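Asker: Only the shape, not the letters, is given here:
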């Protein structure tokens, strides 16, 4: 999935978000107002016939559809995400596309699998970057952003912010509570592996991962702003112009777990231990506010001299 800043000068309101996310006339945009607004588009299907990377094993062939959806957080942050459940095909013969399109977000593996395959599929997907022969969800999520019409916005974003990508996988494991392993690979890419006790909890994982990606993006944007302000020089007008918009437009969006399904909120407690995103956020935002207070004091002191 990808997470980025909406290219608009002001935060989008409810009606504007709904108009942006209406991908299907037959399904309504889901909306939640508090504690921070969240709009979720209806899912759309995209057919695929591809290989799936399997760790330490040749790729397996899968046919079916991926489910795509877009979300808007706080009228400011846009996300494009894709998910699919991988299951063994009931037949060793390829079915007609009507069969696959009737099961949105399901990929059927045509190749022979073993009891080790689910874990190896997750490891393979989160491993090296996908090759041209295996499933890559980057292009579909990028196409979805084009489809929702971001180009119609005013392209007057109030601050500089890049795009982050999160690749995630979830599987059922022999444990009593969900577990998450989150990894930062580089400036642009993160991965997360979620293991849940029951198959019924798999559907909720996408919402948790969207929530995680949004907060990781917020922290990354704030940290990057501090670094750029340091280069501009403490107390300078340029440093203030870098830091102030982050506090004004993004700081209030930090509500980890608020939009995560109840059964998976314990995962945020695990993230508080490692890598402790919340503590990093408090330190970063506190540092930004102190910098702006010092800059204000300096400006007032200079004006009184």
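Answerer: Received the coordinates, thanks. Since this is a predicted model, take the numbers as computed values, not measurements.
Asker: Find the nearest non-adjacent residue to residue 55, please.
Answerer: residue 123 (3.8 Å; C-beta to C-beta, 6 or more residues apart in numbering). Placement of C-beta: from N, CA and C, glycine included.
Asker: Then residue 5?
Answerer: residue 161 (4.2 Å).
Asker: hmm, back to that, residues near the residue nearest to residue 55, how many?
Answerer: 17 (other C-beta atoms under 10 Å).
Asker: hang on, the earlier thing: pull the contacting residues for the residue nearest to residue 5.
Answerer: 4-5, 217, 221, 224 (C-beta atoms under 8 Å, 6 or more residues apart in numbering).
Asker: Which members of these are positioned in strands?
Answerer: 4-5 (DSSP state E).
Asker: Check which element follows the host helix or strand of residue 166 along the chain.
Answerer: Assigning secondary structure by DSSP states H and E places residue 166 in strand 164-172. As assigned by DSSP H and E, the chain's next helix or strand after strand 164-172 is strand 179-184.
Asker: sorry, back to before: can you pull the pLDDT of the residue nearest to residue 5?
Answerer: Here the pLDDT value assigned to residue 161 is 94.
Asker: quick one: it is in a helix?
Answerer: No - per DSSP: H, G, I helix; E, B strand; the rest coil, residue 161 lies outside any helix segment and is coil.
Asker: Against residue 239, how distant is it?
Answerer: Distance, residue 161 to residue 239, using C-beta to C-beta, to the nearest Å: 17 Å.
Asker: what element comes up after the strand ranked longest in the chain heading to the C-terminus?
Answerer: If you go by DSSP E, the chain has its longest strand at strand 57-73. Using DSSP H and E, the helix or strand that follows strand 57-73 in sequence is strand 77-83.
Asker: which other helices and strands contact that next one?
Answerer: Packing partners of strand 77-83 (3 or more C-beta pairs under 8 Å, 6 or more residues apart in numbering; DSSP states H and E): strand 2-5, strand 57-73, helix 138-147, helix 205-232.
Asker: Let me have these in CSV, adding distance to residue 91, mean pLDDT and mean neighbour count as columns.
Answerer: What follows is those, written out as CSV (distance: least, C-beta to C-beta, whole Å; pLDDT from 0 to 100; neighbours: other C-beta atoms under 10 Å):
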stretch, distance to residue 91, mean pLDDT, mean neighbour count
strand 2-5, 35, 96, 22
strand 57-73, 11, 92, 21
helix 138-147, 26, 90, 15
helix 205-232, 28, 95, 21
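Asker: Quick one: these as TSV, columns for distance to residue 196 too.
Answerer: Shown next, in TSV, are those (distance: least, C-beta to C-beta, whole Å):
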stretch	distance to residue 196
strand 2-5	23
strand 57-73	18
helix 138-147	23
helix 205-232	7
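Asker: Quick one: closest of those to residue 170.
Answerer: Checking the helices and strands packed on strand 77-83 against residue 170 by C-beta to C-beta gives helix 205-232 as the closest, at 4.2 Å.
Asker: Pull out the buried positions in the following helix or strand past the closest one.
Answerer: For helix 205-232, the succeeding helix or strand toward the C-terminus, using DSSP H and E, is helix 237-249. Buried residues in helix 237-249, counted by 16 or more other C-beta atoms under 10 Å: 239-240, 242-247, 249.
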